[in-house]
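> Predicted model and sequence follow; I will ask about them next.
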Amino acid sequence: MRIVRIFILKWKYLFTTCMVVCLMVLYLPTHQNDRSQSSNGEMLELKKVLDNTKVTRQSESHEELSNNESHAFKFTSAIGSPFFVERLLTYSEISLRERLTCQADKNASPKLILVWDSNHSQENLGGCLDWNCEIVHDKQKLDLADAVLIAHSYQGFSRTNSEQYVIYFSQESPAHSDFYVFQPDFFNFSLGFRHDTPASSPYGYTVKLAHESTLSGEVIDLATIDRKKKGAAWFVSNCITYSMRENYVNELKKYFPVDIYGKCGSFECIRGGECEKMLDEDYHFYVAFENSVCKDYITEKLWNQGYQRSIVPIVLKRSIVERFVPPHSFIAADDFKSPKDLAVYLHYLMNNKTAYAEFFSWRRQYKVVFLDGKFHDNLERPWGFCQICRLLWEKPRPRLSITDFADWWRNSCERKGTLVNELIRLDSASKTNFPEVGLTV
C-alpha cells in the first residue's frame, strides 16, 4: 500500500491534468454549440453574402506587377514631409525614372506651351520650374509654340508644323464633356485623368513606398475607430447623374444608414470645412460614387475624402479604381449582388472593429497623394504639364497620336445607369431576408 500511495502522490498532477482534458473534450463542443447558436445565426447571412461576392482579403496584388526600378526616389512637398518612393501605381509603361528625368537645356529658349482656351498659367509648371518650359496665352505665338492645349473649341486654330503637339484637355467625364473633331487623329495626346496618355494628370495617385519610408506599428488610432458610431456619409451636389448613383444610394439606405450632405441631402457641411473632421471621428464609410462610370475616371471624392481621412471609401466599380489605389483599402459596390448584400457586409464591419481596422493596413507600405490644384509643387512632377515639358525636350521628339479620338474618348464610358440598374434589378429579384438598419450581423 505504501508503494501505491507513493506512486499516486508522485503522479497525481498528471492524472488531474488528463481528467481535465477529457472533461473539456466531452463538454466544450456541446457548450460552445449552445453559446454560439445565436452568433452562428447572425453570421449566416454574412456568409451567404460573401459566398456570392468577389470580396476577398486581397494580397499585395500590385506586387505581381513587374518592377524594373530598384532606386528609391525622394519626393518633397511644400506642405508635408519628404518621403521615398519605389514606384507609382499606374498601368502606364512610362517608368518613374523616365518621368523624373528631363533633358532640358537651361541655356536655350524655353519650350512654349500655348494655352488656347483654358485658364492654366505658369503656376501649373510649379513642379518642374527647372525644366525650362513656359505656358503662354498669346495666340500670336502659335507659330512659335511647341505644344498647343485645347479644352473646348479649336476655332481659329491651325497646326503650324508637324512637330507641334496638339493636346486635348479635360478633367471632366466624357459623359459630360464631348468634343467633336473632323480629323480622327487631330490630337497627339490628352492632358487629364486618363492614364493611357503620357501627360496623365489625375486628381490623385498612389505610390509604393521605398523601405526608407515604410511604417511599422499602428497606422490608425484604435480609439478613434472605437468612437465611430455612424454608418456612411456622402457629400453630393449633383442629384441626377449619368451613373444613376443616387438610385443605388436610395436603395442602400433601406438597409444601412447613409447621411447625405449638400444639395441632395438633409445635412450641411461646407466641402473642405472643419465639419469634414466628422469623417475621421464619426463615420465608418464614405460614399465615393462618381457621376459616370468611365475609364480611369476617379475624382477628389475618392482621392480626398476617401483617402485623406480615417474612413473606408465605397466605390461603384472595382475595375475602375483597383489599379491605382492601395490593396484592401476600399469597398466596391459591384462586388456584391445587390445593395442589400453590401449592407450586410457594412453592418458586419461596423460591429467587427478588427476587420474594419484592416482596411488601413495599406498605410504601412503605400501613400496616397491628393492633387488639389492649390499647390503646384514637386508632387506634380510625374504628371500633367511637367510631362508635356519633358516630352518637348526629348530628342528626337516622340511621335504620338490618338488615332481615333471619337472612339478613344466617347466610347470610354458605360451607358447611362448600366451598372446601377443591374445591381438594383438583382436586388429586386432577391428573396433573401436581410437585417434592417440598426440590427447587428
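Yes, it's here. Numbering: from 1, shown residues only.

> I'd like the mean pLDDT over the strand or helix carrying residue 86, please.
Using DSSP states H and E, residue 86 sits within strand 83-88. Here strand 83-88 scores 97 as its mean pLDDT.

> and if you look at stretch 392-400?
Stretch 392-400 shows a mean pLDDT of 96.

> can you check stretch 72-80 too?
91.

> contacts for it?
With contacts defined as Cβ atoms under 8 Å, 6 or more residues apart in numbering, stretch 72-80 is touched by 82-86, 96-97, 100, 207, 210-212, 375, 377-379. C-beta here means a position set from N, CA and C on the backbone, and glycine is covered the same way.

> picking that back up, which residues does the strand holding residue 86 contact?
By Cβ under 8 Å, 6+ apart, strand 83-88 touches 67, 69, 72-75, 96, 99, 205-213, 367, 382.

> So which bits of the next helix or strand after that strand are buried?
Proceeding N to C from strand 83-88, the next assigned helix or strand is helix 96-99, under DSSP H and E. Using 16 or more other Cβ atoms under 10 Å as the test for burial, helix 96-99 gives 96, 98-99.

> that older thread, any quick PyMOL command for the buried ones out of the contacts of stretch 72-80?
Here is the PyMOL command that picks out the buried ones among the contacts of stretch 72-80, judged by 16+ other Cβ under 10 Å:
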select buried, resi 83+84+85+86+96+100+207+210+375+377+378+379
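
> Quick check: the farthest pair among the contacts of stretch 72-80?
211 and 375 (27.2 Å; Cβ to Cβ).

> per-domain residue ranges of this protein.
The record's domain split for the chain, according to automatic domain parsing, is 74-206+373-410, 214-370+418-429.

> okay, how far is it across the first one, tip to tip?
Right, domain 74-206+373-410. 38 Å (Cα to Cα, to the nearest Å).

> can you give me the offset of that domain from its chain's centre?
Distance, stretch centre to chain centre, for domain 74-206+373-410: 22 Å (Cα atoms, centre = their mean, to the nearest Å).

> Over to stretch 324-334?
7 Å.

> Okay, strands next: where are they in the stretch 251-400 of the chain?
258-261, 283-287, 312-315, 331-332, 366-370 (DSSP state E, counting those that start in this stretch).

> With the stretch 1-150 of the chain instead?
73-75, 83-88, 111-115, 133-136, 147-150.

> These into CSV, with extra columns for distance to residue 333?
Converted to CSV, these look like this (distance: least, Cβ to Cβ, whole Å):
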stretch, distance to residue 333
strand 73-75, 32
strand 83-88, 26
strand 111-115, 38
strand 133-136, 40
strand 147-150, 35
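
> closest one to residue 348 among these?
strand 83-88 (33.3 Å).

> Just give the closest residue to the most centrally placed residue in the chain, not the sequence neighbours.
By Cα atoms, centre = their mean, the chain has its centre lying nearest to residue 325, at 4.5 Å. Closest residue to residue 325 apart from its sequence neighbours, by Cβ to Cβ, 6 or more residues apart in numbering: residue 206 at 5.4 Å.

> Tell me the secondary structure at that neighbour.
strand (DSSP: H, G, I helix; E, B strand; the rest coil).

> Can you name the residues that contact it?
Counted by Cβ under 8 Å, 6+ apart, residue 206 has contacts 88-89, 324-326, 366-369.

> I'd like to know which of these are buried.
88-89, 324-326, 366-369.

> Let me know the closest of these to residue 123.
Nearest member of the buried ones among the contacts of residue 206 to residue 123, counting by Cβ to Cβ, is residue 369, at 18.1 Å.

> ok, the closest one touching residue 207?
Yes - shown here, residue 369 and residue 207 form a contact pair, counting by Cβ atoms under 8 Å, at 6.8 Å.

> Surely residue 232 is in a helix?
No - looking at residue 232 with three-state DSSP, it is strand, so not inside a helix.

> Tell me what the residue nearest to it when sequence neighbours are not counted is bridged to.
The shortest distance from residue 232 to any non-neighbouring residue, by Cβ to Cβ, 6+ apart, is to residue 285 (4.0 Å). Residue 285 forms beta bridges with residue 232, residue 312, as assigned by DSSP bridges.

> I'd guessed residue 285 sits against residue 331; true?
Yes - Residue 285 is in contact with residue 331 according to Cβ under 8 Å; the separation is 7.2 Å.

> neighbour count winner among these two?
With neighbours defined as other Cβ atoms under 10 Å, residue 285 and residue 331 compare such that residue 285 has more, 27 against 21.

> ok, that one - contacts?
So residue 285 contacts 231-233, 311-314, 331, 346 (Cβ under 8 Å, 6+ apart).

> If we ignore the residues flanking it in sequence, what's nearest residue 110?
Per Cβ to Cβ, 6+ apart, closest to residue 110 is residue 134, 4.2 Å.
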